[in-house]
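In: no sequence for this one, just the structure:
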Ligand SMILES: Nc1ncnc2c1ncn2[C@@H]1O[C@H](COP(=O)(O)OP(=O)(O)O)[C@@H](O)[C@H]1O
Ligand SMILES: CC(=O)N[C@@H](CCC(=O)OP(=O)(O)O)C(=O)O
């Protein structure tokens, strides 16, 4: 056989190998929902955004029901900067006053949500953009945080303003949309019983949506390799107790805290696994669902 033919044969075999690996996972997740959290940092690159949209469409085409929950922290930050407004973070959560919540809602459920919807439409899918306010999807309530004052050692309650957490998710709208072959794209904005709009961390919103839709998997796309240990080395896999240790010993900080907290909760509520995924890799979602070549940190029960 010529070298060229031999080379082609090897390529076919490799492709067939990938397909054989993918088929059992297609069967395993067929008819099930998978929640994908698309982080604001991961959205930055236009080529990757197109690949993300085509991955989501492909999941739908093979009979899986993807639900996209998106962030937009950097995009809210850019808008606040334009308006010369500062914002402060506590444990990865943006302290949100009345004006900031209006800006967050405008950015998240406005142009950002529609740009993801449009990308999915262009990739051949049928997407519907929603915020937690639509169809009573996410009812939120105000949260507070406590911090120990280093001088007095006394716990102080910090008011984060209109930062909310989901208290109830009504999945009926999502169930109907998925049954009608739509792909829901959700902005992390909630409505409170106190009739206030709440800014919800997108990781937390994704976790609540994942459990309300009985998602088999929760994928969190971000712009780092995954969870890094104290030496900065990627942790490829860990169980819930190790994840808790890393949170307690300070290895995790900032935006990684709500991410890992959400993964732990999703697993405790029945998901097979949750993954913090490197969204800088092309087709990160497909590779994670269908092959053994996932890029990131897999968190499992235990
Ligand atoms: N141990 C850790 N491993 C990886 N990232 C970490 C860790 N601790 C803190 N981080 C921070 O968490 C960030 C990811 O969270 P975030 O900025 O909220 O991303 P996203 O916009 O994708 O939700 C990383 O960019 C990194 O700065
Ligand atoms: C309360 C809170 O922090 N809300 C977030 C909502 C967006 C978000 O979480 O976006 P990423 O996933 O891109 O970080 C914020 O205002 O930035």
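Out: That came through, no problem. Since the structure is predicted, the reported quantities are computational estimates derived from the model, not experimental observations. Numbers count the residues shown, from 1 in each chain. Ligands and ions are numbered 1, 2, ... in the order given.
In: what about stretch 216-236, near ligand 1?
Out: Yes: contact of stretch 216-236 with ligand 1 (C-beta under 6 Å from any ligand atom) involves 222-224, 227-228. C-betas here are computed from N, CA, C, even on glycine.
In: give the contact list for the residue of the stretch 1-150 of the chain found nearest ligand 2.
Out: Residue of the stretch 1-150 of the chain nearest ligand 2, by C-beta to the nearest ligand atom: residue 71 (2.1 Å). For residue 71, the contact set (C-beta atoms under 8 Å, 6 or more residues apart in numbering) comprises 37-41, 43, 188, 202-203.
In: what pLDDT is listed against it?
Out: Residue 71 is assigned 97 on the pLDDT scale.
In: tell me, how many residues neighbour the residue lying closest to it once chain neighbours are set aside?
Out: Nearest residue to residue 71 in three dimensions, chain neighbours excluded: residue 202, at 3.4 Å (C-beta to C-beta, 6 or more residues apart in numbering). Residues lying near residue 202 (other C-beta atoms under 10 Å) number 27.
In: ditto for the one 5 residues further on
Out: A count of nearby residues for residue 207, using other C-beta under 10 Å, gives 31.
In: quick one: which of the residues of stretch 216-236 next to ligand 1 is nearest to ligand 2?
Out: Using C-beta to the nearest ligand atom, those come closest to ligand 2 at residue 222, 7.8 Å.
In: quickly list what that closest one is bridged to.
Out: residue 278 (DSSP bridges).
In: check contacts around it.
Out: 39, 41-42, 255, 259, 276-279.
In: state the distance from it to residue 43.
Out: 10 Å (C-beta to C-beta, to the nearest Å).
In: do the same with residue 116
Out: 8 Å.
In: just to revisit the earlier point, could I get the residues of stretch 216-236 next to ligand 1 as JSON lines with pLDDT?
Out: Converted to JSON lines, these look like this (pLDDT from 0 to 100):
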{"residue": "222", "pLDDT": "93"}
{"residue": "223", "pLDDT": "90"}
{"residue": "224", "pLDDT": "92"}
{"residue": "227", "pLDDT": "96"}
{"residue": "228", "pLDDT": "96"}
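In: need these in CSV (columns: distance to residue 136).
Out: Formatted as CSV, those follow (distance: C-beta to C-beta, whole Å):
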residue, distance to residue 136
222, 29
223, 32
224, 34
227, 34
228, 39
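In: fine by me, we can end here.
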